[in-house]
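K.L.:
this is a predicted model, with the sequence first.
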Amino acid sequence: IPFKEKLHILLSNIKTVVVSIPLWLCIWYSILTNGPFYVINGMWGTQYLEDVLEYSAQKAGNAMMVLTIVGIIGNVIVPPICYLFKTRKWVLAFSALIIGSVTLVFIFLNKDKMTLIIVCVVFSIYALFGSTCSIIYSLGVDFFNPKLAGAVVGLMNLFLFLVSAIFLAIS
């Protein structure tokens with residue numbers, strides 16, 4: 001196939017994907033779940049634990065390590081749960097509900113009651129149910145012809161990274 005024809009096919013595929021509502025729902029889900037995770041794990045989690053909860057650097061680092069390790073484990077555990085229940089959409093909806101609910105602990109629980117164990121449990125739940133990257137990309141691809149999978153994943157990645165960078169800058 002000549003280069004010009006390949007370029008035309010690529011642009012046509014991108015146009016088909018960009019105008020799709022399911023793609024944008026997947027992108028917004030990723031932004032609203034991954035954005036806060038990156039802000040907590042990458043920027044403000046340690047400072048919050050040290051400045052607000054008055055944890056030592058060691059104690060805050062241990063709590064943040066729990067968040068990272070459980071996030072990695074979650075990316076391995078959550079996809080089989082989707083296959084068990086034969087749905088990605090409802091696992092993602094349940095996950096969003098859980099991570100939204102668990103963050104309320106930081107709002108409503110008095111800082112004197114926020115022991116390291118409670119913080120680690122909350123971080124574990126947040127990281128386990130927030131580890132949905134592999135599922136959201138699969139769900140996004142499910143809405144399209146398999147020939148468009150590369151365009152779908154590429155656009156989801158592009159918007160997720162751009163918005164995550166903006167999310168971090170705004171926070």
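P.N.:
Looks like it arrived, so ask away. Numbers count the residues shown, from 1 in each chain.
K.L.:
alpha carbons only for contacts and neighbour counts from here, please
P.N.:
Fine.
K.L.:
residue contacts, residue 160?
P.N.:
Shown in contact with residue 160 (Cα atoms under 8 Å, 6 or more residues apart in numbering): 27, 30-31.
K.L.:
which parts of this structure are helices?
P.N.:
3-18, 21-38, 45-47, 57-85, 89-102, 104-108, 116-130, 133-142, 149-170 (DSSP state H).
K.L.:
which residues sit against the first one?
P.N.:
It stands for helix 3-18. If you take Cα under 8 Å, 6+ apart as the criterion, helix 3-18 is touched by 23-24, 148, 151-152, 155.
K.L.:
for the record, mean pLDDT for that helix?
P.N.:
Helix 3-18 shows a mean pLDDT of 88 in the predicted model.
K.L.:
also the fourth one?
P.N.:
Confidence for helix 57-85, expressed as mean pLDDT, is 91.
K.L.:
by contact count, what packs against that helix?
P.N.:
helix 45-47, helix 116-130, helix 133-142 (3 or more Cα pairs under 8 Å, 6 or more residues apart in numbering; DSSP states H and E).
K.L.:
so how far is residue 84 from residue 18?
P.N.:
When distance is defined by Cα to Cα, to the nearest Å, residue 18 is 31 Å away from residue 84.
K.L.:
roughly how far apart are residue 52 and residue 104?
P.N.:
Separation of residue 52 from residue 104 (Cα to Cα) stands at 16 Å.
K.L.:
if you could redo that for residue 39, that was the one I meant.
P.N.:
16 Å.
K.L.:
neighbour-wise, which of the two wins?
P.N.:
residue 39 (18 against 11; other Cα atoms under 10 Å).
K.L.:
what's that one in contact with, if anything?
P.N.:
Residues near residue 39 by Cα under 8 Å, 6+ apart: 45, 167-168, 171.
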